[in-house]
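Trainee: sharing a model that was predicted from the sequence below.
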Amino acid sequence: MFFDGEYSHAVLKKPASGDFRVQEELGGHGEPQDPSPAIVEQARRVLSQAAGPLLYARVDGIERDGGFVLMELEINEPFLYIGSSSGAAKSFADAIVRTTARTLCNSP
């Protein structure tokens, strides 16, 4: 997850036992994860290609052969797994303050 372009936290989505779908409404769940700095940087490069600035984004992908492979860029109502990281709520609140301040400063 990225808030205002800054990396916040990551989760590994896992399916329920005996299933392949990872959506929570189907029994899947997300576990906190610490991706390597290289993977975070590759996800950041993906995000840099989106029109911005963005308050939040979830860069979904898989790690394959040491590299990040994009599956989906969620920028509209993604589930942000804020409860999976002790600092995520503060990071998100700080991003809201920064983006609101920028918006107010740039208003006519």
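Mentor: Thanks, I have the structure now.

Trainee: tell me the contacts of residue 57?
Mentor: If you count contacts by CB atoms under 8 Å, 6 or more residues apart in numbering, residue 57 has them with 1-2, 47, 50, 73-75, 78. Placement of C-beta: from N, CA and C, glycine included.

Trainee: go through those residues and name the one nearest residue 85.
Mentor: Out of those, the one with the shortest distance to residue 85 is residue 1. That distance is 8.2 Å, counting by CB to CB.

Trainee: quick one on the thing from earlier: widest-spaced pair of the contacts of residue 57?
Mentor: Farthest pair in those (CB to CB) is 1 and 50. Separation: 14.1 Å.

Trainee: compare the two (neighbour count), which wins?
Mentor: Taking other CB atoms under 10 Å, residue 1 and residue 50 do not tie; residue 1 has more neighbours (24 against 14).

Trainee: does the more buried one touch residue 81 like I think?
Mentor: Yes - with contact defined as CB atoms under 8 Å, residue 1 counts as touching residue 81 (6.6 Å).

Trainee: overlap in contacts of these two?
Mentor: Looking at what touches both residue 1 and residue 81 (by CB under 8 Å, 6+ apart), the common residues are 9, 88.

Trainee: follow-up on the earlier one: just the contacts of residue 57 now: which is nearest residue 97?
Mentor: Nearest to residue 97 among the contacts of residue 57, counting by CB to CB, is residue 2 at 16.1 Å.

Trainee: going by secondary structure, the residue nearest to the closest one when sequence neighbours are not counted is in what exactly?
Mentor: If you skip the residues right next to it in sequence, residue 2 has residue 57 as its closest partner in space, 4.8 Å away by CB to CB, 6 or more residues apart in numbering. Counting by DSSP states H and E, the secondary-structure element that holds residue 57 is strand 56-64.

Trainee: avg pLDDT for stretch 48-55?
Mentor: Stretch 48-55 shows a mean pLDDT of 87 in the predicted model.

Trainee: give the buried residues for that stretch.
Mentor: The neighbour-count check on stretch 48-55 (16 or more other CB atoms under 10 Å) flags 54-55 as buried.

Trainee: ends of it, what's the gap?
Mentor: Counting by CA to CA, to the nearest Å, you get 13 Å between the two ends of stretch 48-55.
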